[in-house]
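Q: what follows is a protein structure lacking sequence information:
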């Protein structure tokens, strides 16, 4: 049989698109020992399918055979299976052990740092950090005070503008009371 044809049948087989006759061609092909290297990886699957298809059980032996197979597989996987209640216990004990380990490490590190004078070595650097922070805050304070002085000048200017507007309103009212005919004819304003 042509290797390209077999590869095409394999692709269709894994997609689930082959007929029973095509599957039988694949089984016959992989039954022989002369399978090319590129297709050898598929040979165990088809040999397993052929061996399983040959098994026929009578109704009497079916149950016994299934029990033997189940026990054989159960024996292989019994090491890996753990009841759900025990799994929860394992998880909780693993978390508790991790927590105890973490707390122990924290205390160990603190004690070692305290013995070696680690915290005393930090004091000069903390004083340096304090003085640098203080200088930075003083600089910000000076800038803020300068800005507030400018705001105070703007407030003074704003108050002066309000006074000018009041005087202007008063002047407009005064001219209305003194010269009411002048207010009626604006073209005579000179």
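A: Received the coordinates, thanks. Every value quoted in this text rests on a predicted model; they were computed, and no experiment measured them.

Q: for the chain, longest helix please?
A: Secondary structure assigned by DSSP state H gives helix 118-178 as the longest helix of the chain.

Q: give me the mean pLDDT for the helix or strand hosting residue 100.
A: Using DSSP states H and E, residue 100 sits within helix 84-115. Averaged across helix 84-115, the pLDDT comes to 82.

Q: for it, buried residues please.
A: For helix 84-115, the neighbour count (16 or more other CB atoms under 10 Å) marks no residue as buried. For glycine as for every other residue, the C-beta is placed from the backbone atoms N, C-alpha and C.

Q: ok, residue 6 - how many residues close by?
A: Using other CB atoms under 10 Å, residue 6 is surrounded by 20 other residues.

Q: okay, buried residues for the one helix or strand it maps to please.
A: Residue 6 is located in helix 3-15, with elements delineated by DSSP H and E. In terms of neighbour count (16+ other CB under 10 Å), helix 3-15 has its buried residues at 6, 9-10, 13.

Q: returning to what we had before: ok now the longest helix of the chain, how far from the chain's centre?
A: Centre-to-centre, helix 118-178 and its host chain are 46 Å apart (CA atoms, centre = their mean, to the nearest Å).

Q: okay, angle between that helix and helix 84-115 too, please.
A: With axes from the mean of the first three to the mean of the last three CA atoms, to 10 degrees applied, the angle from helix 118-178 to helix 84-115 works out at 90 degrees.

Q: any idea which of the buried residues of helix 3-15 is closest to residue 73?
A: Relative to residue 73, the closest of the buried residues of helix 3-15 is residue 13; by CB to CB it sits at 26.1 Å.

Q: ok, the closest one touching residue 24?
A: No - Residue 13 lies out of contact with residue 24 (CB atoms under 8 Å); the separation is 11.3 Å.

Q: spatially central residue for the chain, please.
A: Centroid-nearest residue in the chain: residue 95, 22.9 Å away (criterion: CA atoms, centre = their mean).

Q: can you give me the domain boundaries for this structure?
A: Per the record, the chain has its domains at 1-55, 101-190, by automatic domain parsing.

Q: lowest average pLDDT across these?
A: Mean pLDDT values for those show the minimum at domain 101-190, a mean of 74.

Q: quick one on the thing from earlier: who are the packing partners of the helix holding residue 100?
A: If you count contacts as 3 or more CB pairs under 8 Å, 6 or more residues apart in numbering; DSSP states H and E, helix 84-115 packs onto no helix or strand.
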